[in-house]
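Trainee: Quick one: sequence plus predicted model below, questions after.
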Amino acid sequence: MRVLVIEDETELLGVLVQALREEGYAVDAAADGEEGLFRAQSWNYDALVLDLMLPKIDGWQLLETLRRDKKTPVLVLTARDALDDRVRGLDGGADDYLVKPFQLAELFARLRALIRRSNGQANSAIEIGDVVIDVRSRSVSQNGKAVALTAREYGLVELLALHRGEVVTRTQMYDHLFDENEDSLSNLLDVHVSNIRRKLGKDFIETRRGLGYIIDAS
Ligand code: CA
């Protein structure tokens with residue numbers, strides 16, 4: 001899953017980017033509203049973390065412009081606990097909000113819920129045959145036994161599982177799994193797919209040649 005964090009407090013931005021990467025997200029960052037809007041319009045992020053008080057273009061204005069053509073789930077960060085801010089944010093198209101200061105664990109939980117809901121997945125566990133993917137604990141088990149996946153492998157399995165029964169193109173995979181600073185070695189999709197097949201069975205992920213990958217094809 002790939003997220004964009006738009007926050008002008010340098011220190012907080014750094015903490016958020018690092019913490020989200022450690023959680024297994026591909027993360028892009030923007031330090032003002034103009035850059036944030038540009039990025040948010042240019043990519044199909046799985047979610048945005050948006051501070052409201054931003055230089056150049058504030059969070060409300062960004063949201064209003066973004067909502068003309070994108071449904072990207074948005075989690076708003078607000079320093080003020082004022083009711084109007086929250087109401088205005090939610091009315092303006094935000095999907096959820098967090099009041100600063102907040103715990104990272106809460107941010108992670110809200111983000112997971114947002115992404116899950118936007119993919120039409122109400123439960124935190126996705127069952128595909130004998131494989132269970134728990135998006136809350138970011139873990140995978142097969143026949144009740146835990147299967148150790150790397151963060152990258154997990155991300156790939158989760159993306160395919162959220163789109164079960166649909167072909168996910170290589171382009172979609174690149175867009176959702178890797179951030180723009182990633183080196184090309186970590187981008188070797190085929191290597192990740194073959195490692196997952198080794199762990200979960202060769203038929204768990206099917207290749208649709210020239211199109212992409214699919215799991216749970218009927
Ligand atoms: Ca700010």
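Mentor: Perfect, thanks for sending it.
Trainee: Domain map for the protein?
Mentor: For the chain, automatic domain parsing gives the domain ranges 2-118, 125-214.
Trainee: Figure out how far the one helix or strand V3 maps to is from the centre of its chain.
Mentor: Assigned by DSSP states H and E, V3 belongs to strand 2-6. Its chain's C-alpha centre and that of strand 2-6 lie 8 Å apart, by Cα atoms, centre = their mean, to the nearest Å.
Trainee: can you tell which of the domains of the chain is closest to the ion?
Mentor: Across the domains of the chain, the minimum distance to the ion, taken as Cβ to the ion, is reached by domain 2-118, at 3.9 Å. Yep, even glycine has a C-beta here, placed from its N, CA and C like the rest.
Trainee: Quick one: end-to-end length of that closest one, please.
Mentor: 14 Å (Cα to Cα, to the nearest Å).
Trainee: and the direction of the helix or strand where R117 lies versus that of strand 2-6, what angle?
Mentor: If you go by DSSP H and E, R117 is part of helix 104-118. Angle of helix 104-118 versus strand 2-6, following axes from the mean of the first three to the mean of the last three Cα atoms, to 10 degrees, is 120 degrees.
Trainee: For R164, give me the pLDDT.
Mentor: We note a pLDDT of 92 for R164 in this prediction.
Trainee: Off-centre distance for the least confident helix or strand in the chain by mean pLDDT?
Mentor: Every helix and strand of the chain was ranked by mean pLDDT, DSSP states H and E. The lowest is helix 83-91, at a mean of 74. Remark: helix 83-91 is offset 24 Å from the chain centroid, using Cα atoms, centre = their mean.
Trainee: Would you mark the buried spots in that helix?
Mentor: 85-86, 88-89 (16 or more other Cβ atoms under 10 Å).
Trainee: Next: stretch 92-112.
Mentor: Those would be 92-98, 107-108, 110-112, for stretch 92-112 by 16+ other Cβ under 10 Å.
Trainee: Pull the contacting residues for Y213.
Mentor: Contacts for Y213 were tallied using Cβ atoms under 8 Å, 6 or more residues apart in numbering; they are 160, 167-168, 170, 173, 193, 205-207.
Trainee: Spell out the residue ranges of the helices in this structure.
Mentor: 10-22, 33-42, 59-66, 83-91, 104-118, 151-162, 170-177, 189-200 (DSSP state H).
Trainee: Adding distance to the ion, write these out as a markdown table.
Mentor: Below are these laid out as a markdown table (distance: least, Cβ to the ion, whole Å):
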| stretch | distance to the ion |
| --- | --- |
| helix 10-22 | 8 |
| helix 33-42 | 10 |
| helix 59-66 | 8 |
| helix 83-91 | 12 |
| helix 104-118 | 16 |
| helix 151-162 | 29 |
| helix 170-177 | 27 |
| helix 189-200 | 36 |
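Trainee: rank these by pLDDT, which is bottom?
Mentor: Looking at those, the bottom one is helix 83-91 with a mean of 74.
Trainee: Does anything pack onto that helix? Which helices or strands?
Mentor: helix 59-66, strand 74-78, strand 96-99 (3 or more Cβ pairs under 8 Å, 6 or more residues apart in numbering; DSSP states H and E).
Trainee: Would you agree L160 is in contact with V168?
Mentor: Yes. Using Cβ atoms under 8 Å, L160 is in contact with V168, at 5.7 Å.
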